[in-house]
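Undergrad: Pasting a predicted model and its sequence here:
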Amino acid sequence: NAGVTQTPKFQVLKTGQSMTLQCAQDMNHNSMYWYRQDPGMGLRLIYYSASEGTTDKGEVPNGYNVSRLNKREFSLRLESAAPSQTSVYFCASMRMIGTGGNTIYFGEGSWLTVV
Amino acid sequence: AQKVTQAQTEISVVEKEDVTLDCVYETRDTTYYLFWYKQPPSGELVFLIRRNSFDEQNEISGRYSWNFQKSTSSFNFTITASQVVDSAVYFCALEETSGSRLTFGEGTQLTVNP
């Protein structure tokens, strides 16, 4: 019963390098999300995918791209990493039922440092 | 736009004390949902509770209780007889039905000392 799995857990990048954070969920959820967590700012939504084949920008999308590869997987790509992207990244998923109030389940987080 | 404010950045208590974490929200929706999540030192986010805007009954679960007051747009969380294992960052979050996305507060770091 893995839930939401994201990799890698830790990564150090040099400025300008690219990388992809992988996320997979085994709960057959249709909605998936990428958040970043920074001290004193809570969690901020980067991108989300309400269903397979769709993606939308969240609150802080600049510098990121996403791919909803299939229903299970939702990846986050940094094309040219910047120190401002040093953060903890959380993938999450949710099964949309009705008009709201559905529980979002989070992965364990990925600690990314850009030097 | 929706907003969640957790004015208490850090709280420190001694074990067995009661502690209340404040959460104030802003929304234009008449139907919305409020959540609390716990983030222990290990980093994962643990779902604690969900409350919809039409249900203002307080809820108690063991040592945890939640007080939802629509009149003051608050959804406060109280831990009774706190324990060291309660030490974590606690996040309040709001979901408007129009967007089905969560807006988080800044989080409150709770430290329970033995």
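TA: The structure has been received and is ready for your questions.
Undergrad: alpha carbons only for contacts and neighbour counts from here, please
TA: Noted.
Undergrad: so the residue found closest to B:Arg101 once you drop the neighbours it is linked to in the chain is in which element?
TA: Among residues not flanking B:Arg101 along the chain, B:Glu95 sits closest, at 5.6 Å (C-alpha to C-alpha, 6 or more residues apart in numbering or on different chains). Following DSSP states H and E, one finds B:Glu95 within strand B:88-96.
Undergrad: ok, the next helix or strand after that strand near chain A or not?
TA: Going down the chain from strand B:88-96, the next helix or strand is strand B:102-104, by DSSP H and E. Yes - shown here: strand B:102-104 in contact with chain A (C-alpha under 8 Å from any C-alpha of the partner chain) through B:Thr103, B:Phe104.
Undergrad: Strand partners (parallel or antiparallel) of the helix or strand of chain B with the lowest mean pLDDT?
TA: Across the helices and strands of chain B, mean confidence by mean pLDDT, DSSP states H and E is lowest for strand B:59-61: a mean of 82. When pairing is defined by DSSP bridges, strand B:59-61 lines up against strand B:64-69 (antiparallel).
Undergrad: and the lowest-mean-pLDDT helix or strand in chain A, what does it pack onto?
TA: Ranked by mean pLDDT, DSSP H and E, the weakest helix or strand in chain A is strand A:105-106, scoring a mean of 90. Counting contacts by 3 or more C-alpha pairs under 8 Å, 6 or more residues apart in numbering or on different chains; DSSP states H and E, strand A:105-106 is packed against strand A:87-94, strand B:46-52.
Undergrad: Strand partners (parallel or antiparallel) of it?
TA: strand A:87-94 (antiparallel).
Undergrad: So what touches the strand it pairs with?
TA: With contact meaning C-alpha atoms under 8 Å, 6 or more residues apart in numbering or on different chains, strand A:87-94 is reached by A:4, A:6, A:23, A:25, A:29-38, A:102-113.
Undergrad: if you set the cut-off to 7 Å instead, what comes out?
TA: The contact list for strand A:87-94, computed with C-alpha atoms under 7 Å, 6 or more residues apart in numbering or on different chains, reads A:4, A:6, A:23, A:29-38, A:102-113.
Undergrad: which other helices and strands contact the strand holding B:Glu95?
TA: strand B:32-39, strand B:102-104, strand B:108-113 (3 or more C-alpha pairs under 7 Å, 6 or more residues apart in numbering or on different chains; DSSP states H and E).
Undergrad: Next, format the ones you listed as CSV and append mean neighbour count.
TA: Formatted as CSV, the helices and strands packed on strand B:88-96 follow (neighbours: other C-alpha atoms under 10 Å in any protein chain shown):
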stretch, mean neighbour count
strand B:32-39, 22
strand B:102-104, 24
strand B:108-113, 20
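Undergrad: Let's check: the centremost residue of chain A is which one?
TA: When C-alpha atoms, centre = their mean is applied to chain A, the residue found nearest the centroid is A:Trp34 (2.4 Å).
Undergrad: So that one sits against A:Ala50, correct?
TA: No - A:Trp34 is beyond contact range of A:Ala50, at 11.8 Å (criterion: C-alpha atoms under 7 Å).
Undergrad: so the strand holding B:Glu95 versus strand B:46-52, what angle?
TA: Angle of strand B:88-96 versus strand B:46-52, following axes from the mean of the first three to the mean of the last three C-alpha atoms, to 10 degrees, is 30 degrees.
Undergrad: wait, what's in contact with the residue nearest to B:Arg101?
TA: So B:Glu95 contacts B:Tyr32, B:Tyr33, B:Leu34, B:Arg101, B:Leu102, B:Thr103 (C-alpha under 7 Å, 6+ apart).
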